[in-house]
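**Q** Provided below for reference: sequence and predicted model.
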Amino acid sequence: MAIIIKSEEQIEKMRVAGGILKRLWGILEAEIRPGITTLGLDKIAEDYILSQGAKPSFKGYGGFPGTICASVNNEIIHGIPSLRKLRDGDIISIDMGSYIGGYHGDCARTFPVGKISDEDQKLIDVTRQSFFEGIKFAREGCHLYEISVAVQKHVEENGFSVVRDYVGHGIGRNLHEDPAIPNYRQVGRGPRLQKGMVLAIEPMVNAGTYKLEVLDDGWTAVTADGRNAAHYENTIVITDGEPELLTL
């Protein structure tokens, strides 16, 4: 495993990429409502990223057609933007990235559409909080598994499950770099965290079973039992103190 330690100059470039995404969240959240299409949200995101002199990290990555991944209800990740209209009571997970100055930023959120069920709100809240439970251990000298264990513990204590088939990752010049960051306990402690590591930590949480299926489009991952899923991600920097969140 070759984990790339970033210099302060490189981290500053990643702050720029992350800053674009931070601002874009406010724009997108204001547009998420019943009747808008996921393709409409995709266009808003692409137009904004391009207006900032950056490029969408995801568009064309491995052949993915969209700027954002737009995953609705039981879609966990990698939903392809389309003419599907959001409806009152839906939840939508948006994952997006920006590329500028040779470096990427990456983050995800799950949003309510109109009035949602109490269970779906709890799913969104627990998924978000599991990220913050995990990054309590995103400190120099901790080991990677401590993040994973903390995420899993919070999710399962609240009656949900963490996805096993997809994990977080390092990030920098490449959208996906070492190390892989599971959201569940692994054998071994994993690498020791060092100042200058930049990580995309992203709990993906299902209301029911952690098992999933990938649709015929080759991208969209859905829950095996049809229950809903949520996603929360930020790009963070390991420092000599608290981690720095580049996308929040």
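**A** Structure's in. What do you need?

**Q** wait, a helix at I49?
**A** Yes: following the definition DSSP: H, G, I helix; E, B strand; the rest coil, I49 is counted among the residues of a helix.

**Q** show me where this structure dips below the pLDDT cut-off.
**A** For the chain, applying pLDDT under 70 flags the ranges 1.

**Q** cutoff 90 now
**A** Applying pLDDT under 90 to the predicted model, the residue ranges of the chain that meet it are 1, 186-190.

**Q** am I right that S71 sits in a strand?
**A** Yes: per three-state DSSP, S71 lies within a strand segment.

**Q** which residues touch the closest residue to it other than its chain neighbours?
**A** Leaving aside its sequence neighbours, S71 sits nearest to G79 (C-beta to C-beta, 6 or more residues apart in numbering; 3.5 Å). C-beta: built from backbone N, CA, C; applies to glycine. With contacts defined as C-beta atoms under 8 Å, 6 or more residues apart in numbering, G79 is in contact with 38, 69-72, 93, 219-220.

**Q** mind checking the SS state of G79?
**A** G79 carries the three-state label coil when classified by three-state DSSP.

**Q** report the secondary structure state of T247.
**A** Secondary structure assignment for T247 (three-state DSSP): coil.

**Q** so how many other residues sit close to it?
**A** Other residues within reach of T247 by the criterion other C-beta atoms under 10 Å amount to 26.

**Q** now do the SS call for the closest residue to it other than its chain neighbours.
**A** Setting aside the residues directly before and after it, T247 is nearest to C107 in space (C-beta to C-beta, 6+ apart), at 3.7 Å. The three-state label for C107, taken from three-state DSSP, comes out as strand.

**Q** ok, C107 touching S98?
**A** No: proximity of C107 to S98 does not meet the contact threshold set by C-beta atoms under 8 Å, at 9.4 Å.

**Q** now do the shared contacts for those two.
**A** Contact criterion C-beta under 8 Å, 6+ apart; residues bridging C107 and S98 by contacting each: 18, 21.

**Q** could you identify the longest helix within the protein?
**A** Ranked by number of residues, the top helix in the chain under DSSP state H is helix 8-31.

**Q** what residues of it count as buried?
**A** Residues 10-11, 13-22, 24-25, 28 are the ones in helix 8-31 that count as buried (16 or more other C-beta atoms under 10 Å).

**Q** tell me where the chain has helices.
**A** According to DSSP H, the helices that the chain contains are 8-31, 38-51, 118-134, 144-157.

**Q** those: which one's closest to V198?
**A** When the helices of the chain are compared by C-beta to C-beta, helix 8-31 sits nearest V198, at 6.1 Å.

**Q** gap between that closest one and the chain center?
**A** The chain centroid and the centroid of helix 8-31 are separated by 13 Å, computed with C-alpha atoms, centre = their mean, to the nearest Å.

**Q** got a list of contacts for that helix?
**A** If you take C-beta under 8 Å, 6+ apart as the criterion, helix 8-31 is touched by 6, 40-41, 44-45, 48-49, 52, 54, 94, 96-107, 109, 111, 171-172, 196, 198, 235, 237, 244, 246-248.
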